[in-house]
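Enquirer: sequence plus the predicted model coming up.
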Amino acid sequence: MAEKVALIGSGNWGSAVAKIIGGNVQNFPHFDKEVKMWVFEEQVNGQNLTEIINAKHENVKYLPGIKLPENVVACPDLIKTCEDATMLVFVVPHQFVASVCRQLKGKIPADCKAISLIKGVDVNEHGFRLISDMIQDALGIRSCVLSGANIAIEVAEERFCETTIGYRSRPDGELFKQIFNTPNFRVNIVEDVIGVELCGALKNIIAIGGGLVDGLKDETFFESCGVADLITTCAGGRNRKVAEAHVITGKSFDQLEKEMLNGQKLQGTSTAKDMYNILSKKGLCHEFPLMTAIYRICHEDLPAIKIVEDI
Ligand SMILES: NC(=O)C1=CN([C@@H]2O[C@H](COP(=O)(O)OP(=O)(O)OC[C@H]3O[C@@H](n4cnc5c(N)ncnc54)[C@H](O)[C@@H]3O)[C@@H](O)[C@H]2O)C=CC1
Ligand SMILES: O=C(CO)COP(=O)(O)O
């Protein structure tokens, strides 16, 4: 039996992946050539968005300027979009997943498979749940996840990038890879749904922080002395080289400095000590947990793994 893909969502990212999936299903004999895409219906210039998409093969509101393959068919009815599908691609903003799942509950065959491209988590009074678990719990089907360093318009313009699929069952991971992988959108699959999904959800909070900091930042940080030097030193400098060797060999920083640097001097270890002395005198260590943890690893035999726990 042919696999049939349905897309649940048609926003910026949903439309970009519709372009990829619509193209890929045509390359394999075991995929049905039609890909239905559920569109949350709305009016654009007095016309239904689904009708515009099906006439122009373009999501003029959420991904303007990008042509979608003609086998991608926009559908305003969620149930009709999914009723004959064997592979569901969830790509709605995370706040709408619960209502989508409620509508689909009991209407999806048990042998259907899902993948979530959604970056977010579901929080309630008992704690939090992965979106892929929400889908699994509601529909009784297995769900993979896909997440990566992917900006919708860049992917739609076929600029090179990679992405990660996390699977629970390897055949699911391999099957979903077939509908996403292209020469310019390279998919790697890993057996770690939780890791892939949490990376995608939590990075969005840090992205807000990144924007806030950029907004506040003194221009000096954009000179070579700022972010550029930070990236350079973390990638190729002596401080990072010796710190990595400390983890791998278990030897002290002083010993490694002698063994590896042939008389050259590490600056980070002594500066960490100088800064720690100032921070502890001023009672500010708790406000600088990264600097404090690094000082303790360098000078107080704190295990390196504590860099994660202490911050
Ligand atoms: N845009 C991007 O570059 C990327 C987005 N993502 C993730 O993909 C997920 C979906 O994002 P986008 O496709 O960008 O969507 P989007 O940000 O473009 O969201 C708008 C979509 O939500 C729909 N919508 C509005 N009200 C709704 C409702 N009540 N019920 C259901 N749908 C409703 C709209 O019709 C539209 O399709 C998000 O979790 C996002 O983090 C992941 C990677 C890249
Ligand atoms: O997930 C994304 C990049 O990986 C898209 O990020 P934004 O939702 O902030 O545009």
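Expert: Structure's in. What do you need? Numbers count the residues shown, from 1 in each chain. Ligands and ions are numbered 1, 2, ... in the order given.
Enquirer: what's around Gly106, how many residues?
Expert: 8 (other Cβ atoms under 10 Å). The C-beta positions use only the backbone N, C-alpha and C, and glycine is treated the same way.
Enquirer: assign a three-state SS to the residue in the stretch 201-311 of the chain positioned nearest to ligand 2, would you?
Expert: Closest residue of the stretch 201-311 of the chain to ligand 2, Cβ to the nearest ligand atom: Ala207 (5.2 Å). For Ala207, the assignment made with DSSP: H, G, I helix; E, B strand; the rest coil gives helix.
Enquirer: chain neighbours aside, what residue packs nearest to Val193?
Expert: Gly166 (4.1 Å; Cβ to Cβ, 6 or more residues apart in numbering).
Enquirer: next one: phi and psi at that neighbour?
Expert: When quoted as degrees, to the nearest 10, the phi and psi of Gly166 stand at phi -100, psi 130.
Enquirer: for it, give the beta-bridge partners.
Expert: Val145, Val190 (DSSP bridges).
Enquirer: and it, how far from Ile189?
Expert: 8 Å (Cβ to Cβ, to the nearest Å).
Enquirer: please apply the same query to Val97.
Expert: From Val97 to Ile189 the distance is 23 Å (Cβ to Cβ).
Enquirer: find the helix or strand that the spatially most central residue of the chain is a member of.
Expert: Nearest to the mean C-alpha position of the chain, by Cα atoms, centre = their mean, lies Gly200 at 3.1 Å. If you go by DSSP states H and E, Gly200 is part of helix 193-216.
Enquirer: returning to what we had before: got any residues that touch both of Gly166 and Ile189?
Expert: Listed as contacting both Gly166 and Ile189 by Cβ atoms under 8 Å, 6 or more residues apart in numbering are Gly173.
Enquirer: among those two, which residue is more densely surrounded?
Expert: Taking neighbours as other Cβ under 10 Å, Gly166 and Ile189 compare with Gly166 leading, 25 against 21.
Enquirer: contacts only, for that one.
Expert: 144-147, 173, 189-197.
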